[in-house]
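**Q** Please find the sequence and the predicted model below.
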There are 2 protein chains.
Amino acid sequence: MTKINIGLDIAGGDFAPQCNFDGARLILDQLGDRVHLTLIGDQDLIREGLAANGIAPDAVSVFHAPEVIEMGDSPMRALASKPNNSISAGLGLLKAGKIDGFASAGNTGAIFGAAVVALGTVIENIRPCMMAIAPRETGKDAIILDVGASADSKPENLYQFAILGHTFYKYIMGEENPKTGLINIGEEPEKGNEVVKAAYKLMAGSTDFNFIGNVEGNELFGGKADILVCNGFTGNVVLKLCEGWYRTCRRFGLKNDYLEKFNFENQGGSPVLGINGSVVIGHGISNGKAIMNMVKLTAEIVENKLPWRIKEALSNNEQ
Amino acid sequence: MTKINIGLDIAGGDFAPQCNFDGARLILDQLGDRVHLTLIGDQDLIREGLAANGIAPDAVSVFHAPEVIEMGDSPMRALASKPNNSISAGLGLLKAGKIDGFASAGNTGAIFGAAVVALGTVIENIRPCMMAIAPRETGKDAIILDVGASADSKPENLYQFAILGHTFYKYIMGEENPKTGLINIGEEPEKGNEVVKAAYKLMAGSTDFNFIGNVEGNELFGGKADILVCNGFTGNVVLKLCEGWYRTCRRFGLKNDYLEKFNFENQGGSPVLGINGSVVIGHGISNGKAIMNMVKLTAEIVENKLPWRIKEALSNNEQ
């Protein structure tokens, strides 16, 4: 079996490059039979890092891209002024078919923006989005999208997010007919702002996914819906609020398996959905385990041909 | 000293009328020296309840309003079809100056809508809003507004919410120059959706309040800002998400003083800010302690002449 070749941005993450070498070691140990790694970044830094971390030079491929987009850089300005940066290099390799997927815990805005421009959207008139896991105590986790790719959304964007989420959940989470809910401030169809009310009307009775209605803030992790649809502003506030809650709980000494699902030091990352390619963006605070999980998720997206499935679902949608 | 006369809606709350009799007993015990209660609802039910709960009939005033707006009623329809309901009666007493403040744990939409119509806004072109406490581990709690009065907001509404919040914090929380933050998805001024970006521009450099910039979801309870400004959609999702987190923490056996501040069974309620009168709406699940805290907050708003302070602040604002 040919291994899946995933490009890993060695410069991505608050703790780069070390978090990525830690991740690479875990990936070779645990996913080495199905994943081949291409490390992207400054080649001298990579060779030194491999040696320092006990990774054989021939265990991975290396692609030289010496410039670094910092976490605090303005995305578009940095992409323009640093043409040999590791993010653009990785996306270039992906577009050229030299790698099958790209993963980076770097500057979110830069990765997202560059990915949309470099790879293009799967159809015209689709707004790509970022997705995150919404952990659940029992059974499969839910997913939430958009978590910050766009700050404003139209009703038809929310409808498309529902298709993106449905397709992800069906193929990656393995659920034939998952339940899709709309995050809102009340249960009734007439609740919410103008955009959400119009989205509800579009979604009600859809055959593109299994719409179960509105989901309020206190029900997000309760199992009412598998796919939680919202605009990127709301999704981002929700995600970061959970991060804050996790820290508070830990400070109070609460630690358990469920809570650890909210620990973004360990969690995989956010796939970019709706583009022609498999790209996952990791959390800035990713450690080695998170890097491994990010690459693992990227590989699952590649294996399940998710971008193609999404293109198919959007092309056939009834809207 | 003349006591402050607070009208309490005996029909309000999921556990009405009992939660209100429990609350009344606590109020007479703990606030009896400064608060006089006027119980509003069906007079027979009130007389029976007073007897059953060991409250002397002459310890309170009673106003007969036999109709009940249920928690699930459509607010505007119910207000129209039940003219003798306890909410409208209480607001009528308040408008007529027969009571100094009105508190109810009933149907939020009905109380809010009826309050705005009956009492009017403090100035023209102001959108009243609902506020909630954002508990903090150390020091004074923060406040968050709007938490659901409006689902859509314009930049100038967010600016006004900041004035309302500043005035509340100054007079009720006793802080001369509290810090006001804008809930957003990034720290930088250019982050966020169009409304929030425009609001940032309005708020930056304002002399109406002390604007400290954007606050992200993971910083809401961290002390960065005393007043957290957002649209009602975001605020409502945040508030309910916290409610869900509280339940999850309790299920895992975590219990402490800080966490209990998120227990809406005990917490006071949401003041309606920007109207000509002191009105506080309690959470549906309020118990007797929450009813007492709701009445206590109403009394503090009356004592500090908050509606008048808000009118003054809005009339003088620089926008």
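**A** It's in. Numbers count the residues shown, from 1 in each chain, chains lettered A, B, ... in the order given.
**Q** what's in contact with the helix or strand of chain A with the lowest mean pLDDT?
**A** Within chain A, no helix or strand scores below helix A:257-260, which has a mean of 88 by mean pLDDT, DSSP states H and E. Residues outside helix A:257-260 that contact it (Cβ atoms under 8 Å, 6 or more residues apart in numbering or on different chains): A:135, A:137, A:246, A:249-250, A:266, B:248, B:252. C-beta coordinates here come from the backbone N, C-alpha and C atoms, glycine included.
**Q** Mind doing that once more with 10 Å?
**A** A:135-138, A:221, A:245-246, A:249-250, A:266-267, B:248-249, B:251-252, B:254 (Cβ atoms under 10 Å, 6 or more residues apart in numbering or on different chains).
**Q** Just the buried ones out of those, please.
**A** Buried members of the contacts of helix A:257-260, counted by 16 or more other Cβ atoms under 10 Å in any protein chain shown: A:135-137, A:221, A:245-246, A:249, A:266-267, B:248-249, B:254.
**Q** ok, those residues vs residue A:28, which is closest?
**A** residue A:266 (18.7 Å; Cβ to Cβ).
**Q** you'd agree that closest one is up against residue A:26?
**A** No. Using Cβ atoms under 10 Å as the test, residue A:266 is too far from residue A:26 to be in contact (11.4 Å).
**Q** which residues are common contacts for the two?
**A** A:287-290, A:292-293.
**Q** Can you tell me which of those is nearest chain B?
**A** Among these, residue A:290 lies closest to chain B (Cβ to the nearest Cβ), at 16.7 Å.
**Q** what's the burial count for the closest one?
**A** Using other Cβ atoms under 10 Å in any protein chain shown, residue A:290 has 26 other residues around it.
**Q** thought it was touching residue A:19?
**A** Yes. The pair residue A:290 and residue A:19 passes the contact test of Cβ under 10 Å, sitting 7.6 Å apart.
**Q** For the residue of the stretch 1-150 of chain A found nearest chain B, which non-adjacent residue is closest in space?
**A** Nearest residue of the stretch 1-150 of chain A to chain B, counting by Cβ to the nearest Cβ: residue A:148, 5.6 Å away. Among residues not flanking residue A:148 along the chain, residue A:236 sits closest, at 3.7 Å (Cβ to Cβ, 6 or more residues apart in numbering or on different chains).
**Q** need the contact list for the one you found.
**A** A:130, A:132, A:146-149, A:151, A:230, B:184-186, B:191-192, B:216-217.
**Q** swap in residue A:9?
**A** When contacts are counted by Cβ under 10 Å, 6+ apart, residue A:9 is found next to A:16-17, A:20, A:39-41, A:65, A:68-69, A:85-87, A:89-91, A:102-107, A:111, A:281-282, A:291.
**Q** which stretches of chain A form helices?
**A** A:18-31, A:43-52, A:75-81, A:86-95, A:108-119, A:155-172, A:194-203, A:232-251, A:257-260, A:288-303, A:306-315 (DSSP state H).
**Q** how far does the fifth one sit from the chain's center?
**A** Counting by Cα atoms, centre = their mean, to the nearest Å, helix A:108-119 is centred 12 Å from the centre of its parent chain.
**Q** Name the nearest residue to the residue of chain A positioned farthest from its centre, ignoring sequence neighbours.
**A** No residue in chain A sits farther from the centre than residue A:190, which is 31.4 Å out by Cα atoms, centre = their mean. Excluding the flanking residues, the one nearest residue A:190 by Cβ to Cβ, 6+ apart is residue A:197, at 6.6 Å.
**Q** who touches that neighbour in this structure?
**A** Residue A:197 neighbours (Cβ under 10 Å, 6+ apart): A:155, A:182, A:184, A:189-191, B:151.
**Q** what do you get for residue A:101?
**A** Residue A:101 sits in contact with A:4-8, A:35, A:90, A:94, A:271, A:277-280, A:295, A:297-303, A:306-307, where contact means Cβ under 10 Å, 6+ apart.
**Q** what number of residues lie near the closest residue to it other than its chain neighbours?
**A** Leaving out its chain neighbours, the residue that sits closest to residue A:101 by Cβ to Cβ, 6+ apart is residue A:278, at 3.7 Å. By other Cβ under 10 Å, 27 other residues sit near residue A:278.
**Q** residues in the stretch 51-200 of chain A within reach of chain B, list them.
**A** A:72, A:74, A:108-109, A:137, A:147-148, A:150-153, A:183-188, A:190-197 (Cβ under 10 Å from any Cβ of the partner chain).
**Q** Select from the contacts of residue A:197 every entry located in strands.
**A** Judged by DSSP state E, the contacts of residue A:197 include residue A:182 as members of strands.
**Q** With pLDDT and distance to residue B:46 as new columns, can the contacts of residue A:197 be given to me in a markdown table?
**A** Formatted as a markdown table, the contacts of residue A:197 follow (pLDDT from 0 to 100; distance: Cβ to Cβ, whole Å):
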| residue | pLDDT | distance to residue B:46 |
| --- | --- | --- |
| A:155 | 97 | 47 |
| A:182 | 98 | 41 |
| A:184 | 96 | 37 |
| A:189 | 90 | 37 |
| A:190 | 87 | 34 |
| A:191 | 89 | 33 |
| B:151 | 90 | 35 |
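**Q** Tabulate the contacts of residue A:197 in a markdown table, adding columns for distance to residue A:169.
**A** Output for these, formatted as a markdown table (distance: Cβ to Cβ, whole Å):
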| residue | distance to residue A:169 |
| --- | --- |
| A:155 | 21 |
| A:182 | 15 |
| A:184 | 20 |
| A:189 | 23 |
| A:190 | 27 |
| A:191 | 25 |
| B:151 | 27 |
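**Q** Just the buried ones from the contacts of residue A:197, in PyMOL syntax?
**A** Buried subset of the contacts of residue A:197, written as a PyMOL selection, criterion 16+ other Cβ under 10 Å:
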select buried, (chain A and resi 155+182+184+191) or (chain B and resi 151)
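**Q** And the contacts of residue A:197, which is closest to residue B:78?
**A** Nearest to residue B:78 among those, with distances taken as Cβ to Cβ, is residue A:190, at 14.7 Å.
**Q** hang on, isn't that closest one packed against residue A:200?
**A** Yes. Residue A:190 is within contact range of residue A:200, at 8.4 Å (criterion: Cβ under 10 Å).
**Q** how about the nearest residue to residue A:76, chain neighbours excluded?
**A** Using Cβ to Cβ, 6+ apart, the closest residue to residue A:76 is residue A:113 (6.4 Å).
**Q** who touches that neighbour in this structure?
**A** Residue A:113 neighbours (Cβ under 10 Å, 6+ apart): A:75-76, A:78-79, A:87, A:107, A:149.
**Q** now do 8 Å
**A** By Cβ under 8 Å, 6+ apart, the neighbours of residue A:113 are A:75-76, A:79.
**Q** you'd agree residue A:237 is up against residue B:235?
**A** No. Residue A:237 is beyond contact range of residue B:235, at 9.8 Å (criterion: Cβ atoms under 8 Å).
**Q** the more surrounded of the two?
**A** Remark: of residue A:237 and residue B:235, residue B:235 carries more neighbours, 30 against 27, as counted by other Cβ under 10 Å.
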